[in-house]
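>>> take this sequence and fold it.
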Amino acid sequence: MESHIVKVLATEYLTHNVKRFVTEKPAGYSYTPGQATDVAINRPGLESELRPFTFTSPVNAGYLEFIIKIYKGHNGVTEKLADIVPGNELIIHEVFGAIRYKGPGVFIAGGAGITPFIAIFRQLGATGAHPNNTLLFANHTAADIILKDELKTFLGDRDIDIIRYPLPGEEQKILDKKLIAASAGDHAAYYYICGPDQFTADMIGMLHELNVADQFIVFEQ
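Numbers count the residues shown, from 1 in each chain. Got it, this is the predicted structure:
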């Protein structure tokens with residue numbers, strides 16, 4: 001299995017539990033926006049603890065970027081990533097993933113499932129394309145929203161937040177068939193889904209009930 005050791009160039013927290021990592025980019029390393037790679041920490045005993053993370057950097061950038069939700073209390077890889085600082089090293093592997101842009105549509109993300117869509121939106125912006133896409137972004141609270149300002153810049157009024165536990169005065173929307181159908185309007189050809197397994201299954205079920213054919217549903221399989 002192909003692997004590369006890359007130095008971490010920068011890190012920062014984007015929310016209370018989501019951390020951004022910028023790393024070196026190996027020569028000739030390429031991917032399609034929406035794809036991912038397995039990542040490990042280059043420390044003794046951790047080299048084989050691989051976890052999949054999506055690239056969020058534009059493909060022509062001279063660096064790689066990952067935006068990763070940190071889960072503490074599990075002694076897992078992401079908890080260890082919380083301690084990673086510039087100068088440390090990660091190990092990245094081969095590129096994989098079924099999520100890629102096929103045309104205008106509705107993007108449905110649950111939490112950190114937004115990451116492949118960030119890469120797609122950034123790439124569309126870098127090429128000067130501004131297609132009629134809509135984002136339905138589900139989170140527990142408004143504080144959990146990743147890159148809210150950037151997403152609003154890309155999508156404007158078509159950036160729709162669905163907050164499960166809104167604060168008093170915050171608007172509450174329900175991510176259901178009615179909202180999906182209304183968001184699609186008459187322009188959506190494709191439906192892109194990324195999030196926890198149950199979230200993805202639920203969204204696919206709703207799309208099937210809306211008579212959306214499988215060839216128009218894009219998700220990680």
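
>>> tell me the first helix or strand C-terminal of the longest strand anywhere in the chain.
In the chain, with assignment by DSSP state E, the single longest strand is strand 4-15. From strand 4-15 onward toward the C-terminus, using DSSP states H and E, the following helix or strand is strand 18-24.

>>> avg pLDDT for that next one?
The average pLDDT within strand 18-24 is 98.

>>> equivalent analysis for stretch 192-207, please.
96.

>>> for it, buried residues please.
Y192, I193, C194, G195, F199, T200, D202, M203, I204, M206, L207 (16 or more other CB atoms under 10 Å). Using the backbone N, CA and C atoms, a C-beta is placed for each residue, glycine as well.

>>> ok, back up a step: name the helices or strands packed onto the longest strand of the chain?
strand 18-24, strand 63-69, strand 89-96 (3 or more CB pairs under 8 Å, 6 or more residues apart in numbering; DSSP states H and E).

>>> what about those strands, which gets the closest to L124?
strand 63-69 (16.4 Å; CB to CB).

>>> next, the buried residues of the closest one.
L64, E65, F66, I67, I68, K69.

>>> check stretch 80-88 too.
Using 16+ other CB under 10 Å as the test for burial, stretch 80-88 gives L81, I84, N88.

>>> hmm, back to that, among the buried residues of strand 63-69, show me the least confident.
Minimum pLDDT across the buried residues of strand 63-69 falls on K69, with 94.

>>> grab the nearest non-local neighbour of the spatially most central residue of the chain.
Centroid check for the chain by CA atoms, centre = their mean gives T115 as the closest residue, at 1.2 Å. Spatial nearest neighbour of T115, chain neighbours left out: T54 (4.1 Å); criterion: CB to CB, 6 or more residues apart in numbering.

>>> also V212?
V212's closest residue in space is Y191 (CB to CB, 6+ apart), at 6.0 Å.

>>> A strand includes that neighbour, no?
Yes: assessed with DSSP: H, G, I helix; E, B strand; the rest coil, Y191 lies in a strand.

>>> for it, give me its contacts.
Y191 makes contacts with G105, V106, I108, I180, A184, M203, L207, V212, F216, I217, V218, as judged by CB atoms under 8 Å, 6 or more residues apart in numbering.
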